[in-house]
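Undergrad: this one's sequence-less:
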C-alpha cells in the first residue's frame, strides 16, 4: 500500500498570534540593525579657516553639490558663538558690492544688519545678504567671500563659529529648502612679517595698496599694523613703504 507523501511544513514562530517565517524575521532584524544612512540634501557650504589675530579673513560661502536651480538667496550669517567667552568679537567689515567676490557673473548683492527687536539697534554679529541671479545655478558653486576681521587681542586658539542659513528660490520665485552650514574661524599668532600691513602672514600687493591708503589717511592702521607697514623703518607709513613692499614682492634688488 503506497505511503502518503508527508506534507512539507515551514518552520514558523508564533508571536502573539502572528506567524513569522525565519527569512522574513531575519530581514526585519537586519533592517533594525542597519546603520542609518544620512540622506544628501541641498544646502550651504562654508569654509573653515585659521587666520592671524589682527587680520581679515575671507570665508568662502557657497552651495553644495545637491543644490540645484538656485536663482536667488537671502543669506543670514550668524557670528554670535565664540570660545572662550572672553574673546573679543569678530568685526564684520562693511559689505558693499566691491567687497563681495562671486562665481555668479552679473549677480546683484545687497547686505544689511538686521535690527534687534528689543534695542532697535543693528545686531553686531548678524548680517543678511541678498543674492539675485538672472539664471538658475547648480552646486557646487562659490557665492561670495565674506570678510571678517579678528581683533589683535584675540587669544591664540580662540574659535569663532560662523553659521550660514538661507532662503532660496528658483527663477520662478518658488522657494527651495537649503540646509544651513557651520564653519569656524580660529585665531592664530599675530603676524610679525615686515611689510605685512594686513596681517595675514603673507607679503602681497594688497599690503602695498593698504599702505598707500594709510599713507593718504584713507584708512586707519592699528599700532601693530603700522609697525609692519613701515617697511623702511623710518617711523612713519608713507609712499616709500608701499614702493619698497612692491619691490620686495617683485624680487628687485635693494628691497
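TA: Yep, it's here. Bear in mind that the values here come from a model prediction, so they are computed numbers and not experimental data.

Undergrad: OK, contacts around residue 208?
TA: Counting by CB atoms under 8 Å, 6 or more residues apart in numbering, residue 208 touches 197, 242, 243, 245, 246, 249. Yep, even glycine has a C-beta here, placed from its N, CA and C like the rest.

Undergrad: of these, which is the most crowded?
TA: For these, counting by other CB atoms under 10 Å, the largest number of neighbours falls to residue 197: 31 neighbours.

Undergrad: and it, what does it touch?
TA: Contacts for residue 197 (CB under 8 Å, 6+ apart) come out as 206, 207, 208, 210, 211, 214, 221, 225, 228, 229, 245.

Undergrad: likewise for residue 199?
TA: Per CB under 8 Å, 6+ apart, neighbours of residue 199: 52, 53, 54, 55, 56, 190, 191, 224, 225, 228.

Undergrad: host element of residue 196?
TA: Per DSSP states H and E: residue 196 is located in neither a helix nor a strand.

Undergrad: go on, residue 163?
TA: Per DSSP H and E: residue 163 is located in strand 159-169.

Undergrad: list the buried residues in that strand.
TA: Neighbour counts using 16 or more other CB atoms under 10 Å place 160, 162, 163, 164, 165, 166, 168, 169 of strand 159-169 among the buried residues.

Undergrad: which two in the residues you listed are spaced the farthest apart?
TA: Spanning the widest gap among the buried residues of strand 159-169 are 160 and 169, at 29.7 Å by CB to CB.

Undergrad: endpoints of stretch 183-198, how far apart?
TA: End-to-end distance of stretch 183-198: 23 Å, with CA to CA, to the nearest Å as the criterion.

Undergrad: re earlier: ok, so of the contacts of residue 208, who is nearest residue 67?
TA: Closest to residue 67, out of all of the contacts of residue 208 and judged by CB to CB, is residue 197, at 37.2 Å.

Undergrad: now residue 189. Its backbone dihedrals?
TA: phi -60, psi 150 (degrees, to the nearest 10).

Undergrad: give the contact list for it.
TA: 52, 53, 156.

Undergrad: now residue 65
TA: 139, 140.

Undergrad: how close does it get to residue 143?
TA: 14 Å (CB to CB, to the nearest Å).

Undergrad: do residue 184 as well
TA: Counting by CB to CB, the gap from residue 184 to residue 143 is 19 Å.

Undergrad: comparing these two, which residue is more hemmed in?
TA: Each of residue 184 and residue 143 has its neighbours counted (other CB under 10 Å); residue 143 has more, 28 against 17.

Undergrad: that one: which element?
TA: Residue 143 belongs to strand 141-149, assigned by DSSP H and E.

Undergrad: same for that strand, what does it pack against?
TA: Here strand 141-149 touches strand 56-63, strand 70-78, strand 91-92, strand 126-137, strand 159-169, going by 3 or more CB pairs under 8 Å, 6 or more residues apart in numbering; DSSP states H and E.

Undergrad: let's go with 7 Å and repeat that
TA: strand 56-63 (3 or more CB pairs under 7 Å, 6 or more residues apart in numbering; DSSP states H and E).

Undergrad: tilt between the strand it packs on and strand 159-169?
TA: In terms of direction (axes from the mean of the first three to the mean of the last three CA atoms, to 10 degrees), strand 56-63 departs from strand 159-169 by 40 degrees.

Undergrad: quick one: distance of strand 56-63 to the chain centre.
TA: Relative to its parent chain, strand 56-63 has a centroid offset of 5 Å by CA atoms, centre = their mean, to the nearest Å.

Undergrad: sheet partners, orientation included, of it?
TA: Strand 56-63 has these partner strands in its sheet, going by DSSP bridges: strand 44-46 (antiparallel), strand 141-149 (antiparallel).
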